[in-house]
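[1] Pasting the sequence and the predicted coordinates here, then a few questions.
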Amino acid sequence: MKIVIYEKKYKNVFIEMNKQWISNMFVIEKEDLAVLNNIEQTLEAGGQIFFAIDDNDEVLACCMIAPLPNGEWEIEKFCAKGMYTGSGAGSACLKACIDYAKEKRIEKVGIVTNRKCEQAIHLYRKFGFVEVPVDKEKFPFDRANIAFEQTFIYN
C-alpha cells in the first residue's frame with residue numbers, strides 16, 4: 001500500500017466511495033454534494049486529497065483536507081472501502097492529511113462525524129484530536145453530532 005495525492009483519474013472513485021459510505025449509514029446531504037461537486041475548487045484553494053492504493057492501483061481509502069471560508073481547515077470525506085476497514089489504509093490517509101497540515105503550517109484542523117462511527121472516533125483520538133462542541137455554522141451537516149480539533153504550534 002502507498003499514499004498518493006489526487007489525480008483526475010481518481011475523481012470518480014473518490015466521489016462514489018464517499019457517496020456509498022455516507023448512504024450506507026446516513027443520508028447524503030446537500031453539503032456533501034456541494035463538496036463532492038467542487039473538488040477542483042478545493043484543490044485550487046490549497047486543499048488536497050490523499051488516497052491509499054494497493055499494488056494494482058485499487059483505492060483502499062481516501063481523505064481530503066480543505067480550507068473553510070473562515071480560514072480554518074477541515075479533514076473531510078474520509079472513508080475506506082468496506083473490505084479494507086481495519087487494514088491501516090484509513091490511518092495512512094489521515095496521517096497524510098495531518099502531515100500536509102504541518103507542511104502548510106496550518107494552525108488548526110477540525111473534523112466532524114457521528115457518534116455511530118466509533119472506529120473513526122477512536123482513530124481521531126489516537127491521532128491527537130480532542131473533542132470540541134459541534135459548530136453547526138461551520139459544519140452544517142445534520143448527521144454531525146461530535147466534533148474534534150487539533151491545534152499545531154510552530155516556532
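    Received, thanks. Numbering: from 1, shown residues only.
[2] how about the helices of the chain, start to end?
    11-25, 30-36, 39-44, 89-103, 118-126 (DSSP state H).
[3] Highest mean neighbour count across these, which stretch is it?
    helix 89-103 (a mean of 19; mean count of other C-beta atoms under 10 Å). C-beta: built from backbone N, CA, C; applies to glycine.
[4] Could you name the helices and strands sitting against that helix?
    strand 2-5, strand 48-53, strand 59-67, strand 73-80, strand 108-113, helix 118-126 (3 or more C-beta pairs under 8 Å, 6 or more residues apart in numbering; DSSP states H and E).
[5] Give me the angle between it and strand 108-113.
    Our comparison of helix 89-103 with strand 108-113, counting by axes from the mean of the first three to the mean of the last three C-alpha atoms, to 10 degrees, yields an angle of 150 degrees.
[6] For helix 89-103, which outside residues touch it?
    1, 3, 48, 50-52, 60-65, 73, 75, 78-80, 84, 109, 123-124, 126-127, 150, 152 (C-beta atoms under 8 Å, 6 or more residues apart in numbering).
[7] about what we covered before: just so I know, which of the helices of the chain lies nearest residue 132?
    With C-beta to C-beta, the closest approach to residue 132 among the helices of the chain belongs to helix 118-126: 11.2 Å.
[8] In CSV, could you pull the C-alpha coordinates for that closest one?
    Taking Å, rounded to 0.1, in the frame of the first residue of the first chain, the C-alpha atoms of helix 118-126 are listed here in CSV:
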residue,chain,number,x,y,z
GLU,A,118,-16.9,4.5,16.7
GLN,A,119,-13.9,3.4,14.8
ALA,A,120,-13.4,6.9,13.3
ILE,A,121,-13.7,8.5,16.7
HIS,A,122,-11.1,6.1,18.1
LEU,A,123,-8.8,6.9,15.2
TYR,A,124,-9.2,10.7,15.7
ARG,A,125,-8.4,10.4,19.3
LYS,A,126,-5.4,8.2,18.6
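[9] now that helix, how far from the centre of its chain.
    Its chain's C-alpha centre and that of helix 118-126 lie 13 Å apart, by C-alpha atoms, centre = their mean, to the nearest Å.
[10] go on, stretch 8-24?
    Counting by C-alpha atoms, centre = their mean, stretch 8-24 is centred 12 Å from the centre of its parent chain.
[11] If anything else comes up later, I'll come back, but that's it for now.
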